[in-house]
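1. kindly return the folded structure for what I paste below:
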Amino acid sequence: MPQFKYRARDFKGAAIEKTIEATTANDLRLRLREQGLYVLQVSEVRPAAFGGSFSLASIQLLLTSVKIRDKSVFARQLSALVNAGVSLVRSLSVLEEQTGNIKLKKFLGAIRFDVEQGTSL
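-> Numbers count the residues shown, from 1 in each chain. Next comes the predicted model:
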């Protein structure tokens, strides 16, 4: 189950900041409201792929360790999905689920997470 970090205020106005497991961000918001908290922010805790630092160097290291055939198949499939009108996030999610390469799967998960959060690639 994913972990979410939230910031909220109780009925007295005291700030609360914690990390908790929930099925979705909306589920967590609902649970917090039921507890009488005013939710300020909820964000999913990023998985610790690549040791927590997602930099150009880590991308280069990963891509040099993934076989050229896997990269080629990924590029063709991503192109086909996007050209068919499937959103980028959904395309990355589908390819992440389908790939057998563990390193590529972690890479795709991190990229998908960044795209969902609106991080610039």
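2. can you give me the helices for this structure?
-> Per DSSP state H, the chain carries helices over the ranges 25-34, 56-65, 68-83, 88-98, 102-117.
3. dump the ones you listed into TSV; add mean pLDDT, mean neighbour count and distance to residue 9 as well.
-> Quick note: C-beta positions are derived from backbone N, CA and C, even for glycine. Shown next, in TSV, are the helices of the chain (pLDDT from 0 to 100; neighbours: other Cβ atoms under 10 Å; distance: least, Cβ to Cβ, whole Å):
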stretch	mean pLDDT	mean neighbour count	distance to residue 9
helix 25-34	93	14	10
helix 56-65	68	12	37
helix 68-83	92	13	41
helix 88-98	92	16	31
helix 102-117	83	17	24
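4. would you list those helices in a markdown table and tack on distance to residue 13?
-> Rendered in a markdown table, the data for those read as follows (distance: least, Cβ to Cβ, whole Å):
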| stretch | distance to residue 13 |
| --- | --- |
| helix 25-34 | 15 |
| helix 56-65 | 41 |
| helix 68-83 | 47 |
| helix 88-98 | 36 |
| helix 102-117 | 29 |
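5. domain ranges for the chain?
-> Here the domain assignment for the chain is 3-44, 51-117, based on automatic domain parsing.
6. so how far is the shortest one off the chain centroid?
-> The chain centroid and the centroid of domain 3-44 are separated by 19 Å, computed with Cα atoms, centre = their mean, to the nearest Å.
7. what's the end-to-end length of that domain?
-> Terminal residues of domain 3-44 are spaced 6 Å apart (Cα to Cα, to the nearest Å).
8. and what of stretch 94-106?
-> Criterion Cα to Cα; first-to-last residue distance in stretch 94-106 is 13 Å.
9. now residue 81: closest residue in space, sequence neighbours ignored.
-> The shortest distance from residue 81 to any non-neighbouring residue, by Cβ to Cβ, 6 or more residues apart in numbering, is to residue 91 (3.9 Å).
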